[in-house]
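# Sequence first, then the predicted structure, then my questions.
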Amino acid sequence: MKKRYLMTPGPTPVPPEVLLSQAKPMIHHRTPEYTEIFVSVIEDLKHIFQTENDCFVFASSGTGAMEAAVANLFSPKDKVIVTNNGKFGDRLVNIAQIYGLEVKELKYEWDQVVNPQDIKGLLDQDKDIKGVLVVQSETSTGILNDVKAIGELVRDHPAVFVVDSITGLGAVEVKTDEWHLDVVMSGSQKGLMLPPGLACLSVSDKAWQKAKGSTLPKFYFSLEKAKKAFDKASPQNPFTPPVSLIVGLGEALKMMRQEGLDHIIRRHALLAEATRAGVEALGLELFAPPEGRGNAVTPVNVPDGVDGKRLVKIMSDEHGITIAGGQDHLKGKIFRVGHLGYVDKFDIITTLSGLEMTLAELGHPVGLGKGVAAAQKVFLDT
Ligand SMILES: *Cc1c(COP(=O)(O)O)cnc(C)c1O
C-alpha cells in the first residue's frame, strides 16, 4: 500500500466532496437542471475572478484558454507584446506566433521578474500595439509578475491586457476589474481543485470590442458562440459541455465561497511562507528572488552534489510525495513544491519531512526535523 500526496502545481489534490459530486448520474445538458448548475457556476466564477465581466468555460486544459484568448481577440499581423520569463511565457509567445501575430517579445532570464517599465517603453513607442500578454504566476519558476502595475499602464492604451492567471487564481490576489485585466485565464487542475479538463476565462468590454474585429479562425473556442449560447433564455453551452466537471466545479466553487476568497489567499500565503522557511532551515536556497515569490509553488535550488532528478524520484517512489522537477534548462537544477488548491498545513509538514528523509538518503547533510520545525513555527506564530 502506498499513500500518495500530490504536491505539484497542477494537477492538484481534489477534495472528496468534489470527487463525489462528479460521480452523480449523468444529466442531459439541454435541461433546466443543467442550466441551473451552469448559471450558478458562472456567477460563482465571477466572484472568484472578482469581476462583472463575462466568464466562459471550455472543455480543455488551461492551454485552451490561452489559445482562445489569442484566436478571439486578434487578427493576423496584429502587433502584441508578450512577456516571457519562463515556460508558460514561452508558450504564450508560441501561440501568438503560430496564429500569425507580430510578437514583440520581452524576454527575461527565468529568475527575473517582468519589469512593467519595459512594457511602458514599448507601448509609448507604438500606439498600434493591440495587446499585452503576461503570465501572472509563472508556474515553471514560481515567479509572480505584477499584473496590477501592468494593468495601470495598459488601461489608457488601446491595447487589451491578457493575463494567464492559471496558477494565480485562488492562490494570490487577482482583481480583474479593479486592475483592468481584460482577459483572465484559469484552469481546473490548479487553484480550482478539480481534475484537469476545464479552461476558464473572463472577457471585458474592451476585449469584446477587440474581438468584434478579429479575423483569426476559431470554431470550438469561439467566444461569440459561447456568448450566444449563454445569452439564450435558458443559458447553455454551444457544444456538449463536460457535464461532470461542471458539476464538480459547482461544488469546488461552493467550497471556495464558504472559505472566503480572502481566507483562501491568506492560507496560500501562509503555506508558501512555511515552505520557504522549511527549505531554508535545511540550508537550501530558494530559486525565485524575494521580490517575485508567489503563493502557488516554491521552487528550490537542488544543492550541489545532489542529483535533482533522483531527489524527485525518491520523494515519489519511496515516500509517495509527488513534487515537480525543473522544466527545460532547469531540469535537475531545481525542484518545485506545489501548494495550490486543496492543501493545508500538514501537507507542507509531510512534504518537508519527506524532503529531509530524501536528502539524508542521498547523502546530503541535513538536520532531521529542522525544516519541519521551521514550518511548524510559521504555523504556530500566525
Ligand atoms: C498549467 C498552466 C497552463 C496550462 O497548462 P495545461 O497543461 O494546458 O493545463 C498555462 N499557464 C500556466 C502558468 C500554467 O501553470
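Perfect, thanks for sending it. Numbers count the residues shown, from 1 in each chain.
# how close does residue 75 sit to the ligand?
Between residue 75 and the ligand the distance is 23 Å, computed by CB to the nearest ligand atom, to the nearest Å. Glycine gets a C-beta too; all of them are placed from N, C-alpha and C.
# Who are the contact partners of that residue?
The contact partners of residue 75, taken as CB atoms under 8 Å, 6 or more residues apart in numbering, are 213, 214, 215, 216.
# residues contacting the most centrally placed residue in the chain?
In the chain, the centroid-proximal residue (CA atoms, centre = their mean) is residue 167; its distance is 1.6 Å. Residues in contact with residue 167 (CB under 8 Å, 6+ apart) are 9, 10, 137, 139, 190, 191, 294, 296, 297, 340.
# Residue 5 now?
Residue 5 is in contact with 320, 321, 322, 347, 350, 351, 354, counting by CB under 8 Å, 6+ apart.
# same thing but at 7 Å, please
By CB atoms under 7 Å, 6 or more residues apart in numbering, residue 5 lies in contact with 320, 321, 322, 347, 350, 351.
# Out of these, which comes closest to the ligand?
Nearest to the ligand out of those is residue 322 (CB to the nearest ligand atom; 15.4 Å).
# Next to the ligand, which bits of this protein? Give me the list.
10, 61, 62, 63, 88, 135, 139, 164, 166, 167, 187, 190 (CB under 6 Å from any ligand atom).
# most neighbours, which of the contacts of residue 75?
Neighbour counts for the contacts of residue 75 peak at residue 214, which has 20 neighbours (criterion: other CB atoms under 10 Å).
# wouldn't that residue be in contact with residue 78 here?
No: at 8.7 Å, residue 214 and residue 78 do not qualify as touching, with contact defined as CB atoms under 7 Å.
# which residues of the stretch 151-300 of the chain fall in strands?
Per DSSP state E, counting those that start in this stretch, the stretch 151-300 of the chain carries strands over the ranges 160-164, 183-187, 198-203, 297-301.
# what helices or strands is the helix or strand following the last one leaning on?
Next helix or strand after strand 297-301 toward the C-terminus (DSSP states H and E): helix 308-319. Judged by 3 or more CB pairs under 7 Å, 6 or more residues apart in numbering; DSSP states H and E, helix 308-319 is in contact with strand 324-325, strand 334-338, helix 345-361.
# Out of those, which is the most enclosed?
strand 334-338 (a mean of 26; mean count of other CB atoms under 10 Å).
# Run through who's touching that one.
With CB under 7 Å, 6+ apart as the test, strand 334-338 has contacts from 7-9, 12, 142, 275, 287, 296-302, 308, 311-312, 323-326, 351.
# Parallel or antiparallel, list what pairs with that strand.
With DSSP bridges as the test, strand 334-338 is paired with strand 297-301 (antiparallel), strand 324-325 (antiparallel).
# Model confidence for the closest residue to the ligand within the stretch 201-350 of the chain, exactly?
Per CB to the nearest ligand atom, residue 296 is where the stretch 201-350 of the chain lies closest to the ligand, at 7.9 Å. At residue 296, the predicted lDDT confidence score is 98.
# Quick check: it touching residue 169?
No: counting by CB under 7 Å, residue 169 is not a contact partner of residue 296; they are 9.4 Å apart.
# quick one: residue 360 and the ligand, what's the gap?
31 Å.
# Enumerate every residue touching that residue.
In this structure, residue 360 makes contact with 366, 368, judged by CB under 7 Å, 6+ apart.
# Quick one: closest of the helices and strands packed on helix 308-319 to residue 32.
For residue 32, the closest of these is strand 334-338, at 38.5 Å, according to CB to CB.
# ok and the closest one relative to helix 345-361, angle-wise?
Interaxial angle, strand 334-338 versus helix 345-361 (axes from the mean of the first three to the mean of the last three CA atoms, to 10 degrees): 160 degrees.
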